[in-house]
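S.K.: Sequence plus the predicted model coming up.
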Amino acid sequence: RKEVEQDPGPFNVPEGATVAFNCTYSNSASQSFFWYRQDCRKEPKLLMSVYSSGNEDGRFTAQLNRASQYISLLIRDSKLSDSATYLCVVSPFRSGTYKYIFGTGTRLKVLA
Amino acid sequence: DTGVSQDPRHKITKRGQNVTFRCDPISEHNRLYWYRQTLGQGPEFLTYFQNEAQLEKSRLLSDRFSAERPKGSFSTLEIQRTEQGDSAMYLCATYGRGRLETQYFGPGTRLLVL
């Protein structure tokens, strides 16, 4: 089983739609969780961290469910510019390691 | 622009040649990571440094790969005797307390092995 799993998509949605992505992780000791955005042929860029209490940044909401070991990203009122690959990132932060494990990414295409 | 720079941005080489990539981190960031990314995949962890100490290496990193960070500042990643399967984007990231405490990526070096 992969350490971090995402549905690769693509998710094709019309402008204005609400879309949600899930990501599951296998290491229950994982401490930190993030969503990154990656545009085609560019480097990943941090979108938001994911906190236990959930957090919101404008149209974006991230949530963490430790019991079920998944994190989610909700995008409301999607824009054409939201088209990108969304990467789920988990850091085990076990004693002595500061690795970050990336999922394969979920492709989103917002259609006019 | 995150402040992390990589050089070169593109490299085309013939199979069997050696290549070296450089990463210049944000100056106050003491952790530096190398990743490899192929089409349709997320970045795969290769190795990371805390200052000049290489603390962890992935099993993906064969004996042909070596990374250094001699003074705890810039880092180099060398691939010896390149193979076609080494063709990928090589990403460097540094960790620090920017807008958020997380990794900040450089633009990557795209390697094509012919």
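M.R.: Everything's here; your move.
S.K.: okay, CA-based contacts and neighbour counts for the rest of this
M.R.: OK.
S.K.: what lines up beside the helix or strand of chain B with the lowest mean pLDDT in the sheet?
M.R.: Sorting the helices and strands of chain B by mean pLDDT, DSSP states H and E puts strand B:101-105 at the bottom, at a mean of 84. Looking at strand B:101-105 with DSSP bridges, its partner strands are strand B:88-97 (antiparallel).
S.K.: got a pLDDT number for residue 11?
M.R.: Just so you know, I chose chain A. pLDDT, residue A:11: 94.
S.K.: should've been chain B
M.R.: The confidence metric pLDDT takes the value 98 at residue B:11.
S.K.: burial count for it?
M.R.: Applying other CA atoms under 10 Å in any protein chain shown, we find 16 residues neighbouring residue B:11.
S.K.: What sits closest to residue A:75 if chain neighbours are left out?
M.R.: Once flanking residues are discounted, residue A:75 sits nearest to residue A:60: 4.8 Å by CA to CA, 6 or more residues apart in numbering or on different chains.
S.K.: Check residue B:40 too.
M.R.: Nearest residue to residue B:40, sequence neighbours excluded (CA to CA, 6+ apart): residue A:104, at 7.0 Å.
S.K.: now swap in residue A:81 and tell me
M.R.: Nearest in space to residue A:81, with sequence neighbours left out and distances taken as CA to CA, 6+ apart, is residue A:110 at 7.7 Å.
S.K.: how close does that neighbour sit to residue A:7?
M.R.: 17 Å (CA to CA, to the nearest Å).
S.K.: Comparing these two, which shows the higher neighbour count?
M.R.: Shown here are residue A:110 and residue A:7; by other CA under 10 Å, residue A:110 has more neighbours (19 against 15).
S.K.: residues in contact with the residue in chain A that chain B sits nearest to?
M.R.: As assessed by CA to the nearest CA, chain B sits closest to residue A:104 within chain A, at 4.1 Å. For residue A:104, the contact set (CA atoms under 8 Å, 6 or more residues apart in numbering or on different chains) comprises A:5-6, A:8, A:87-88, B:40-43.
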